[in-house]
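K.L.:
Got a predicted structure here, sequence first:
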Amino acid sequence: MPRPVIAVDLDGTIAQYDGWNGEEEIGDPIPGAVEFIAALKAKDVDVVIFTARAGSSAGIDATWKWLKTHGLANLVDEVTNVMQYRFAAIIDDRAINAGAKPSIQYGVVLSQVTAHIGARVMGGGDEGSASGG
């Protein structure tokens, strides 16, 4: 069984965003964002950064550079701007009410995603496998 894929927006969701300043200008991580991505990955899901910046190779390169700079590159499986049917959930500052900005309540979002996907699938270990309980 393939792992669930969670798409996470970049600007305004895990990176500070004060308006477009070019492909290579990405804000600092929002407090808790790095831990949030790590917690998602610990749920045995694929994490995709779903951002309009991925509309060009320069934007994709800038996004990967930002991810590496902030210790997230090894937690992210893909960077894209293409909506995909395989996304089990999309987390975006304009789509899910993640709490009062700029302090996004990542714990609330993580619990919403877990509930959406289902504890059995997201639990990892034996209970998360296709053959587990």
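P.N.:
That came in fine, so what should we check first?
K.L.:
Return the distance of Pro2 relative to Asp44.
P.N.:
To Asp44, Pro2 is 11 Å away according to CB to CB, to the nearest Å. Placement of C-beta: from N, CA and C, glycine included.
K.L.:
More neighbours: which of those two?
P.N.:
Neighbour count, other CB atoms under 10 Å: between Pro2 and Asp44, Asp44 has more, with 15 against 6.
K.L.:
Would you agree that one is in contact with Arg3?
P.N.:
Yes: contact criterion CB atoms under 8 Å: Asp44 and Arg3 qualify, at 5.9 Å.
K.L.:
Could you list the low-pLDDT ranges of this structure?
P.N.:
95-105, 107, 116-133 (pLDDT under 70).
K.L.:
Next, name the residue at the spatial heart of it.
P.N.:
Val8 (3.0 Å; CA atoms, centre = their mean).
K.L.:
Give the bridge partners for it, please.
P.N.:
Counting by DSSP bridges, Val8 forms beta bridges with Ile49, Ile91.
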